[in-house]
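Novice: All I have is the shape, not the residue letters:
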C-alpha cells in the first residue's frame, strides 16, 4: 500500500488528515515538526509527504529541501494558511508538487493526493517503458542510451512550456506515455489530459468529436455535445495518429491552433479554448506534405520541437531492464513468483526484431507467465514468433536424441517420419513442443490441389491441437495462436466437436 507522511505541529490537523487518508486506504504516519519528519523520511520509504510551511525548529521550506535531497522522487504537497500562499508558491519552485490552503477539506485532500500519486505512478511506469527516463527532481537514469537521455532532456524542458509537440515513432514505442509526462510534470497537471485517436473515429463524426455539436445539427444529434477541445480546456489534448485526419479537418485544426477558438457543429457561436496540443504519428509526415496529403503549414505548426522515439530493436541493450519491470508487474497481476529469466531466454529476446516494440515485449512476457511452470522464464514459455528456432530444435531433438542447443541440427521444416508424413509441432500445457507425427497430415502427391490439401492440413492440425489440450477451446486458441472466434468458425466448418477430445 502507498505510504504518506503528515508533518505539522498542529496535532488536531495531523489527526484529521491522517483519518481522511486512512479511510481512502493509504498507510499514514505523523511527525510533529520538520526535524522529526526528516528523520522519518531517512528511515522509512514514503510515496508522499504532506508538509506544513510554518513549524518550530525547521520551516517547511527547509524540510522540503532536505526531503528532495534525500529522495527526489518523493512527492511533497505543502499545507499553508491563506496568508502564507506566497511561501507555498515558493515551495513549488523548490520542487513541491502542489499546495493546499487551510482549513483543509477532506474531499479536496484525497483528490489532490490521489492525483499526485497517479502522476508519480505514470512517470515510474514510463521510466520502465522506455530505457531511460528522469523523474521530476532528478534521479538516476535507467538504461544507457544517449539518444534516450537527449529525448528525455527535451521532455523535461518542454513540460515547462505550452509549445505544441509532435511525437514521432513506430507503434508500441510509448508515444502516449511521453504525452502524459509532458502534461503531468508541467503546469497543466491539475487539469484534464484528454486523448483522441484520430484513426479510430469515422470521417463523418470527427468534427463533432473535436468541436462538439448542437442538438439537431445532424441526423442522430439528439442532444448537445461538448467536444474534446472544450472538454480539455485548461489542460492537454493528445491527438494520436494525427497523420490520419482528412484535409478538411486539417484546415479546421490549424485554425484552432492559430486562433484558440472554434465553432461547434450546427452552432452560430464561437468557443474560446486554452488547450495545449500534443500530437503523435507513426507516419512520414514530410513525405505526406510532398504528396499534398498533409498541410505544410499545419506540419510546421506542430513540429516546433519534435520528439522521435527509437524502436526497441535500436536499443536492445535495454531489454534487460524492461523485462525485469514486466516480470515484477505480472508477478503482482497473476499472483505468481517468477524470480527471473534464464540467459538462453534473454538471448532469444535480444535476437528478436520486435516489430511491435515495447508493447510486443510486454505481451510476450505475459504470454510466458501464462505458460511457464517453473520459477524462471525459459525458452519453452516464449511464443513461436520469438522462440521459433528453439522450438524447432527441441522438437527435432525429441526424434533424433540431439540436444536442443546443437547448432547443426537439421531444419525441422524438412523433417519426415518413416511413412513420409510431415511432422507437425504444437505445444503442451507447459509450453514445451509436442510432435504430432506420421498419422497426421500427409501430402497426397496424386492430388496436387492446394485448396484441398490446405483444408485437410487445417482439419488435422485442429484435431491434434484439441487432443493436446483436451478439448479446451480457450487453451487451444491460446497455445495454437488462433483467435478464439476463428477457431470456433473453423471447427464448425470442418464439423469438429471439441467435446470428443476432452
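Specialist: Arrived safely, thanks for sending. Being a predicted model, the structure only gives us computed values, none of them experimental.

Novice: domain assignment for this structure?
Specialist: 3-124, 143-308, 313-410 (automatic domain parsing).

Novice: For residue 457, which of these is the nearest?
Specialist: Closest to residue 457 of the domains of the chain is domain 313-410 (C-beta to C-beta; 16.8 Å). Any C-beta I mention is one placed from the backbone N, CA and C, and that applies to glycine too.

Novice: so where's the stretch 351-500 of the chain shaky on pLDDT?
Specialist: Where the stretch 351-500 of the chain drops to pLDDT under 70, the residues are 389-452.

Novice: can you put the domains of the chain in CSV and add mean neighbour count and distance to residue 494?
Specialist: Listed next are the domains of the chain as CSV, based on neighbours: other C-beta atoms under 10 Å; distance: least, C-beta to C-beta, whole Å:
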stretch, mean neighbour count, distance to residue 494
domain 3-124, 18, 48
domain 143-308, 17, 35
domain 313-410, 17, 23
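
Novice: got a list of what residue 47 touches?
Specialist: 2-4, 74-75, 117, 120 (C-beta atoms under 8 Å, 6 or more residues apart in numbering).

Novice: now the helices for the stretch 1-150 of the chain?
Specialist: Here the stretch 1-150 of the chain has its helices, by DSSP state H, counting those that start in this stretch, at 11-23, 34-43, 60-70, 85-93, 106-129, 146-158.

Novice: what is the mean pLDDT for the fifth one?
Specialist: The pLDDT scores in helix 106-129 average 73.

Novice: tell me the contacts of residue 77?
Specialist: 48-51, 96-100, 112-113, 116.

Novice: quick one, phi psi at residue 262?
Specialist: Here the main-chain torsion angles of residue 262 (degrees, to the nearest 10) amount to phi -150, psi 170.

Novice: Let me see the contact set for it.
Specialist: Here residue 262 is in contact with 210-211, 227, 229, 252, 255-256, 270-271, 273 (C-beta under 8 Å, 6+ apart).

Novice: try 6 Å this time
Specialist: Taking C-beta atoms under 6 Å, 6 or more residues apart in numbering, we find residue 262 in contact with 211, 256, 271.

Novice: The first one contacts residue 266, doesn't it?
Specialist: So the one you mean is residue 211. No - the criterion here is C-beta atoms under 6 Å, and residue 211 misses it with residue 266 at 10.2 Å.

Novice: coming back round to it: adding distance to residue 158 as columns, could you present the contacts of residue 77 in TSV?
Specialist: Formatted as TSV, these follow (distance: C-beta to C-beta, whole Å):
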residue	distance to residue 158
48	25
49	27
50	29
51	28
96	21
97	19
98	20
99	24
100	28
112	24
113	27
116	21
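
Novice: tell me which of those residues is nearest to residue 176?
Specialist: Using C-beta to C-beta, those come closest to residue 176 at residue 116, 20.3 Å.

Novice: shouldn't the closest one be in contact with residue 100?
Specialist: No - in this structure, residue 116 is not within contact of residue 100 by C-beta under 6 Å, at 10.8 Å.

Novice: And stretch 162-172, end to end?
Specialist: This stretch, stretch 162-172, spans 26 Å end to end (C-alpha to C-alpha, to the nearest Å).

Novice: can you redo the domains of the chain as a markdown table with distance to residue 479?
Specialist: Compiled in a markdown table, the domains of the chain are given as follows (distance: least, C-beta to C-beta, whole Å):
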| stretch | distance to residue 479 |
| --- | --- |
| domain 3-124 | 33 |
| domain 143-308 | 23 |
| domain 313-410 | 8 |
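
Novice: any chance you could map the helices in the stretch 351-500 of the chain?
Specialist: With DSSP H, counting those that start in this stretch applied, the stretch 351-500 of the chain shows helices at 357-371, 384-400, 450-468, 473-479, 484-494, listed in chain order.

Novice: I'd like the average pLDDT over stretch 17-25.
Specialist: 90.

Novice: what residues does that stretch touch?
Specialist: 4, 6, 28, 30, 106, 109-110.

Novice: and if you look at stretch 243-251?
Specialist: Against stretch 243-251 from outside (C-beta under 6 Å, 6+ apart): 198-199, 203, 206, 281, 283, 285, 295, 298.

Novice: 10 Å - rerun?
Specialist: The contact list for stretch 243-251, computed with C-beta atoms under 10 Å, 6 or more residues apart in numbering, reads 168, 196-201, 203, 206-207, 209-211, 239, 242, 252-253, 279-285, 288, 292-295, 297-299.

Novice: Which members of those residues occur in strands, if any?
Specialist: 168, 196-197, 239, 279-281 (DSSP state E).

Novice: dump the residue contacts of residue 28.
Specialist: 2-6, 14, 17-22, 46, 48, 50.

Novice: next one: residue 91
Specialist: Contacts of residue 91 by C-beta under 10 Å, 6+ apart are 51, 53, 59-61, 63-65, 76-78, 80, 84, 97-99.

Novice: Out of those residues, which one has the lowest pLDDT?
Specialist: Across these, the bottom pLDDT score, 65, is held by residue 84.

Novice: Work out for me the element residue 326 sits within.
Specialist: helix 319-334 (DSSP states H and E).

Novice: So what's the residue count around residue 493?
Specialist: Residue 493: 12 surrounding residues under other C-beta atoms under 10 Å.

Novice: Would you confirm that residue 322 contacts residue 365?
Specialist: Yes - the pair residue 322 / residue 365 is scored as a contact, 8.6 Å apart, by C-beta atoms under 10 Å.

Novice: shared neighbours of the two, which are they?
Specialist: Counting by C-beta under 10 Å, 6+ apart, the contacts common to residue 322 and residue 365 are residue 349.

Novice: Filter the contacts of residue 262 down to just the ones in helices.
Specialist: Cross-referencing those against helices under DSSP state H gives 211, 256.
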